[in-house]
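# The following block contains a protein sequence and its predicted model.
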Amino acid sequence: MTAIPHRSSQGRIGRALVGHGQVLVVLGAIIALFIGVSFVNARFLSPANLTTIFSGNAYIAVAAIGMTMVIITGHIDVSVGALIGVLATVAGTLAVAGWPMWLVWLAPLVIGVAVNAAAGWLVAYAHIPSIVLTLGLLSILKGGLIVVTGGEWITDLPPGFFLAQRDVFGLPLPLVVMTVLTLAAAWWMAHFRFGRTIYAVGSNLEAARAIGISVERTTVGVFALHGLFAGISAVLFATQLTTIQSTVPPNLELVIITACVIGGVSILGGVGTVIGAALATIFFATITSAMIFTNVSAYWLRAVIGGLILITVLADVARRRGQA
Amino acid sequence: MKPVFHMAVLAGLMSASSALAQSAWTGGDDLPTNPLPCDGSPAAPAALPYDGATPANAPDRAGQPITVVDVPKLVGIGYFNATSKGIAEAAAELGNMTVTTDGPTEANIDDQITILDNYITQGVDGILFAANDPVAIAPVLRKALEAGINVVGYDANAEPDARQWFVNQAEFNGVAKSLIDSLVAETGPEGKFAIVTSTFTTPNQARWIAEMSAYAAQCYPQLEWLETVEAQEDNILSFNQANTLLTKYGEDMNGIIGMTSVATPAAADAVTQSGNCGKVAVVGLATPNAMKPYLASGCVKSAVLWNPVDLGYAAAQVLRAAADGTLTPGDTSVQAGRLGELQVINGSEILLGSPFVFTQENAGEFDF
């Protein structure tokens, strides 16, 4: 029996290295884009544009941290976009109602944890497949949002609400939040017991059970953490613009999941890093901006991203086959 | 960097070849354009034969109480809340019409077809719809016509032979003129501007852009279009794209046109947060509620849209007239309650009128 965790952990390290290979590829691509496009137009490297690329997409990267953990455990959450929309509306509604601002920003985190812990509990203990459960949750959240708001936008937000428009240490707050959370989560997942448990559950369920890991508690914990990051993402999302729409950005969950996959998180579980997912988010943002700066038609954008997803998934499948 | 370079060359070749084919701006379609006169005089209406359908064996509904279902593209957004409100106002005024609004929670054609099918099975006298897809919705609407149901569209059309009448909120050339006129009012006739749209292939946006291009070529030849960027219907992406444009062009751009009610306020936020109010004008299609903060701050002077309450009101009036038999194929106008007489255009469409320009002064009168 003792051989099983040993073998599994060796395989894990091997796969993690392959995962890092993808992270390096994405990082290299970002650097290459920055260098190349700056020759076409030097304004690409201006602080304003760097703010747009890094800060303007931070909320996606933050949500991708939790999604990475969920996918690594072998699950998926397609409701996170709707959850972010609901939590943004909650924050805006409380702000308009005159709640103290720290509570307004805290409430989405608490509710995000509660909702996703409940979802994780149903996945772990009621054995509902996560894709089925979160599809249901997606409908409930999207429908509920429309029923509750009646489609009204929140346009009379108090001036102190706009957290994402603030600076810390001379840098845009969303950028700082994204960087600190990504690095902290990566460190935690690599060096702390519960963090490593996430990989163990995702790479070999039976082996994880055999060494005494509670798969159920890990699942609930991961979903709860995912809810926390969704809450933080929602605060960044809600406080970036002057108004809060009652609708969710179309396909936000797909954008987040795609970032994870391109960043080297295996859709089959067990492999991936939050740094990869954050870099992939920045990579998309860089491509989107680069296309405008180089006058490349946006028709290409979807083809490029679609191709990247296909290549990544194929490479992942090929890797698995090679190991089997 | 070779791939990017190759792609840039390819894109260059593509845009060059499309420039040979036609001068339309990116994001516009290839359909013929019909720009309005620069001085604001109305376009000469072209008489076209009726190309709508007629319900089969419809009972005589003249003056009779009728049950109507309104199926917008989606429910729960301010815009369709406003059309529903207008429909309800007309129904209350008419007194012999009961209307239920029921639609998908997302702009999904399959859900819309299912909802329509259910109401046809239940049995209604009239259907008001705003189609998510003009072709895909046609069979279920034809089924309604075969069942003797009066079918009238508004906001987003179906194939003409799948409905009786369509209430056109504003002709594409009318909206295009209002948008360009609003822009020029701020940038002057030699302004340089970019467009933020949903996608290049979204039908309404593509039509407006093509008409704007034609109208600008005719009335403001010095106006310089820089480029069009896509932003889906995503507020943060719209904000990011507008910021990217502001950085890319700097002083060389003094206007942004938003083509959706999501893109326009987001562009206004980008201009506000980058400190470009007064330097870069933002005009576009937008609902007054979404624009109130920017109209109030003075960063945005005007937003263009039709009045969706009037649109719903007119659609309900047209349905009642069709059911009563007071609007029949070949008519050139219809009486639409408080809106007065509305013109029939394009064979089987009813034109709501000129677009509405929301400003700091009048935006407070609307709530959608």
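That came through fine.

# And for residue 249, the neighbour number?
Answering for chain A, as no chain was given. The burial metric for A:Pro249, expressed as a neighbour count using other C-beta atoms under 10 Å in any protein chain shown, is 22. For glycine as for every other residue, the C-beta is placed from the backbone atoms N, C-alpha and C.

# um, chain B though
Neighbours of B:Tyr249 (other C-beta under 10 Å): 19.

# Quick check: the gap between it and A:Ala88.
Between B:Tyr249 and A:Ala88 the distance is 31 Å, computed by C-beta to C-beta, to the nearest Å.

# do B:Asn150 as well
Look at B:Asn150 and A:Ala88: by C-beta to C-beta, they are 41 Å apart.

# ok, now B:Val300?
B:Val300 sits 23 Å away from A:Ala88 when distances are taken as C-beta to C-beta.

# Looking at the two, which is more packed in?
A count of neighbours by other C-beta under 10 Å puts B:Val300 above the other of B:Val300 and A:Ala88, at 30 against 27.

# Help me confirm that B:Val99 comes into contact with B:Lys85.
No - with contact defined as C-beta atoms under 8 Å, B:Val99 and B:Lys85 do not form a contacting pair (11.0 Å).

# These two: which has the busier surroundings?
Applying other C-beta under 10 Å to B:Val99 and B:Lys85 shows that B:Val99 carries more neighbours, namely 22 against 17.

# ok so the more buried one is a strand residue?
Yes - going by DSSP: H, G, I helix; E, B strand; the rest coil, the assignment for B:Val99 places it inside a strand.

# In chain B, which residue sits nearest chain A?
Going by C-beta to the nearest C-beta, chain A is nearest to B:Gly76 of chain B, at 3.1 Å.

# Let me see the residues that make contact with stretch A:211-225.
The contact list for stretch A:211-225 (C-beta atoms under 8 Å, 6 or more residues apart in numbering or on different chains) reads A:4-5, A:66, A:69-70, A:73, A:75, A:77, A:113, A:116-117, A:119-121, A:123-125, A:194, A:197-198, A:200-201, A:205, A:208-209.

# swap in stretch B:280-287?
Taking C-beta under 8 Å, 6+ apart as the criterion, the residues outside stretch B:280-287 that touch it are B:78-79, B:82, B:175, B:179, B:182-183, B:186-187, B:191, B:193, B:196, B:208, B:246, B:253-261, B:263-265, B:267-268, B:271, B:294, B:299-305, B:358, B:366, B:368.

# Okay, and which of those residues map to helices?
B:78-79, B:82, B:175, B:179, B:182-183, B:186-187, B:208, B:246, B:263-265, B:267-268, B:271, B:294 (DSSP state H).

# returning to that earlier point: and chain A, which of the contacts of stretch B:280-287 reach it?
Among the contacts of stretch B:280-287, the residues within reach of chain A (C-beta under 8 Å from any C-beta of the partner chain) are B:Gly78, B:Leu246, B:Pro265, B:Ala268, B:Tyr294.

# Now the fourth one. Nearest residue, chain neighbours left out?
Looking back up the chat, that one is B:Ala268. Sequence neighbours aside, B:Tyr294 is the residue nearest to B:Ala268 in space, at 4.1 Å (criterion: C-beta to C-beta, 6 or more residues apart in numbering or on different chains).

# I'd say the one you found and B:Ala266 touch.
No - counting by C-beta under 8 Å, B:Tyr294 sits too far from B:Ala266 to count as a contact (10.4 Å).

# what about those two, which has more around it?
Taking B:Tyr294 and B:Ala266 together and counting by other C-beta under 10 Å, B:Ala266 has the greater number of neighbours (33 against 27).

# which of the ones next to chain A among the contacts of stretch B:280-287 sit farthest apart?
When these are compared pair by pair using C-beta to C-beta, the two farthest from each other are B:Gly78 and B:Leu246, 27.1 Å apart.
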